[in-house]
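**Student:** Any chance you could fold what I've pasted below:
(2 chains)
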Amino acid sequence: ETGVTQTPRHLVMGMTNKKSLKCEQHLGHNAMYWYKQSAKKPLELMFVYNFKEQTENNSVPSRFSPECPNSSHLFLHLHTLQPEDSALYLCASSQGSTGELFFGEGSRLTVL
Amino acid sequence: GENVEQHPSTLSVQEGDSAVIKCTYSDSASNYFPWYKQELGKRPQLIIDIRSNVGEKKDQRIAVTLNKTAKHFSLHITETQPEDSAVYFCAAVNAGNMLTFGGGTRLMVKP
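**Tutor:** All right, here's what the predicted structure looks like:
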């Protein structure tokens, strides 16, 4: 157990649904990340938050909306997704932007 | 921005043999190079890292080398075992503290 938990572990949704992925870290870190993992791009950075402030948005479509209410919680709100958005979404945290990344188990998303 | 290339994308070795994975980076100001291992169905985990003021670092059967002039770094695994089978990711952190991953290498160790 690395101290980063993600829910749900699996999610199936239609293209018109709205859902959210949740990440919580119990490590006292100040940076949190969303990564997308698919066969085409094994570890693709989506968003970075440092001290609750978004510092990186890697040209992610607006149908993905992150939220970081505090330094321990990170959400990814999903709306009107496409089948090509099906992937494993990994949350990670670190102490500072150059610290070791601690990943969660991931949320496996399937868009029908 | 930084660009990290990783080769090979797949690597198959016999148990007991050595495995080498190579990465190149584009930003000469990058100064920190971690390696992550992701076993099937599990999360990526840091296995070893190296900073730009060091040319080589070793931890039991795993070693990493760095050539700053050529802007490449490599992971070496000796005496491979079946449990070394996984996807390995190299990464580079540049002066702006942005981490960029390579494309990953799927290592298969055949018993």
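**Student:** SS state for A:Pro69?
**Tutor:** strand (DSSP: H, G, I helix; E, B strand; the rest coil).
**Student:** Quick check: it vs A:Leu76, distance?
**Tutor:** 13 Å (CB to CB, to the nearest Å). No exception for glycine: its C-beta is placed from N, CA and C like everyone else's.
**Student:** what's residue 9 sitting at in phi/psi?
**Tutor:** Answering for chain A, as no chain was given. phi -80, psi -30 (degrees, to the nearest 10).
**Student:** ok, so what distance separates it from chain B?
**Tutor:** To chain B, A:Arg9 is 11 Å away according to CB to the nearest CB, to the nearest Å.
**Student:** hang on, that residue packs against A:Gly106?
**Tutor:** Yes. The criterion here is CB atoms under 8 Å, and A:Arg9 meets it with A:Gly106 at 7.5 Å.
**Student:** So between those two, which is more surrounded?
**Tutor:** A:Gly106 (22 against 11; other CB atoms under 10 Å in any protein chain shown).
**Student:** Now do the more buried one against chain B, distance only.
**Tutor:** As judged by CB to the nearest CB, A:Gly106 and chain B stand 7 Å apart.
**Student:** Around chain B, pick out the residues from chain A.
**Tutor:** A:2, A:41-43, A:45, A:56, A:90, A:96-98, A:100-101, A:103-106 (CB under 8 Å from any CB of the partner chain).
**Student:** still on that earlier bit, show me which of A:Pro69 and A:Leu76 is the more surrounded one.
**Tutor:** Higher neighbour count among A:Pro69 and A:Leu76: A:Leu76, with 23 against 9, using other CB under 10 Å.
**Student:** check which helix or strand covers the closest residue to the more buried one other than its chain neighbours.
**Tutor:** In space, and not counting its chain neighbours, A:Leu76 is closest to A:Leu21: 4.3 Å by CB to CB, 6 or more residues apart in numbering or on different chains. If you go by DSSP states H and E, A:Leu21 is part of strand A:18-25.
**Student:** Please flag which of the residues of chain A next to chain B sit within helices.
**Tutor:** When these are checked against helices (DSSP state H), there are no matches.
**Student:** Tell me the one of the residues you listed nearest B:Lys110?
**Tutor:** Distances from B:Lys110 to those, taken as CB to CB, are shortest for A:Pro42 (22.4 Å).
**Student:** Model confidence for the closest one, exactly?
**Tutor:** Per-residue pLDDT puts A:Pro42 at 81.
**Student:** now it: how far from B:Thr65?
**Tutor:** Applying CB to CB, the value for A:Pro42 to B:Thr65 is 23 Å.
**Student:** Quick check: bridge partners of A:Val111?
**Tutor:** Beta-bridge pairing of A:Val111 under DSSP bridges involves A:Met13.
**Student:** how near is it to A:Arg63?
**Tutor:** Per CB to CB, A:Val111 is found 10 Å from A:Arg63.
**Student:** ditto for A:Lys18
**Tutor:** 10 Å.
**Student:** quick one: common contacting residues for the two?
**Tutor:** The contact sets of A:Lys18 and A:Arg63 overlap at A:Leu78, A:His79 (CB atoms under 8 Å, 6 or more residues apart in numbering or on different chains).
**Student:** coming back round to it: I'd guessed the residue nearest to A:Leu76 sits against A:His73; true?
**Tutor:** No. With contacts defined as CB under 8 Å, A:Leu21 does not count as touching A:His73, sitting 11.5 Å away.
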